[in-house]
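K.L.:
Sharing a sequence plus its predicted fold:
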Amino acid sequence: LKPVVCGRAPTSSLHLCFAQLRLGEERLFAAMSMKYGAAYLMAVLAGTESPSASDIQKILESVGAECDSAVAEKLVSELEGKTVHEVIAAGKEKLKGFGGGGGGGGGGGAAPPAGGGGGGGA
């Protein structure tokens, strides 16, 4: 798969997987939002091993989203002959090259005890 510049850094292996699709026209890529990939994955989770553009369209329309059939067909054609697991695994491998951001900083120490005396008089 050949990476395609999409104007933002990949935020997940799934985003990178779909960003790597070799789309013939950048205009078409710009029109492809994550909803197409998400609909494709929902169809796979529902048991359709190789979803069609029609499957993607049904899913998107079921939630009131518009579907550009050219985008759905391009996605399906680019994923033809590949399993979702292969595509995600390839994306994860490519994410390794971005390095890790590491975890957040450690938490602070315990708060100091509240001020004031411990009772007792003089």
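P.N.:
Yes, it's here.

K.L.:
And for residue 87, the neighbour number?
P.N.:
Taking other CB atoms under 10 Å as the neighbour definition, residue 87 ends up with a count of 23. C-beta: built from backbone N, CA, C; applies to glycine.

K.L.:
show me where pLDDT drops low in the protein?
P.N.:
In the predicted model, the chain carries pLDDT under 70 at residues 1-32, 100-109, 115-122.

K.L.:
for it, what spans make up the helices?
P.N.:
Secondary structure of the chain by DSSP state H: the helices cover 13-19, 26-31, 34-45, 53-62, 69-79, 84-95.

K.L.:
Could you pull out the buried residues of the fifth one?
P.N.:
By neighbour count on 16 or more other CB atoms under 10 Å, the buried set for helix 69-79 is 71-72, 74-76, 78-79.

K.L.:
follow-up on the earlier one: same list (the helices of the chain) but as a markdown table, adding distance to residue 114.
P.N.:
Compiled in a markdown table, these are given as follows (distance: least, CB to CB, whole Å):
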| stretch | distance to residue 114 |
| --- | --- |
| helix 13-19 | 47 |
| helix 26-31 | 58 |
| helix 34-45 | 49 |
| helix 53-62 | 57 |
| helix 69-79 | 60 |
| helix 84-95 | 47 |
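
K.L.:
List the contacts of residue 48.
P.N.:
By CB atoms under 8 Å, 6 or more residues apart in numbering, the residues touching residue 48 are residue 55.

K.L.:
ok, so what distance separates it from residue 114?
P.N.:
Note on residue 48: its distance to residue 114, by CB to CB, to the nearest Å, is 61 Å.

K.L.:
that older thread, could you dump the buried residues of helix 69-79 to a markdown table with distance to residue 88?
P.N.:
Below are those laid out as a markdown table (distance: CB to CB, whole Å):
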| residue | distance to residue 88 |
| --- | --- |
| 71 | 20 |
| 72 | 19 |
| 74 | 19 |
| 75 | 15 |
| 76 | 17 |
| 78 | 14 |
| 79 | 11 |
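
K.L.:
Return the member of these nearest to residue 60.
P.N.:
The closest of the buried residues of helix 69-79 to residue 60 turns out to be residue 72 (CB to CB; 8.0 Å).

K.L.:
unless I'm mixing things up, that closest one is touching residue 51, no?
P.N.:
No. With contact defined as CB atoms under 8 Å, residue 72 and residue 51 do not form a contacting pair (9.2 Å).
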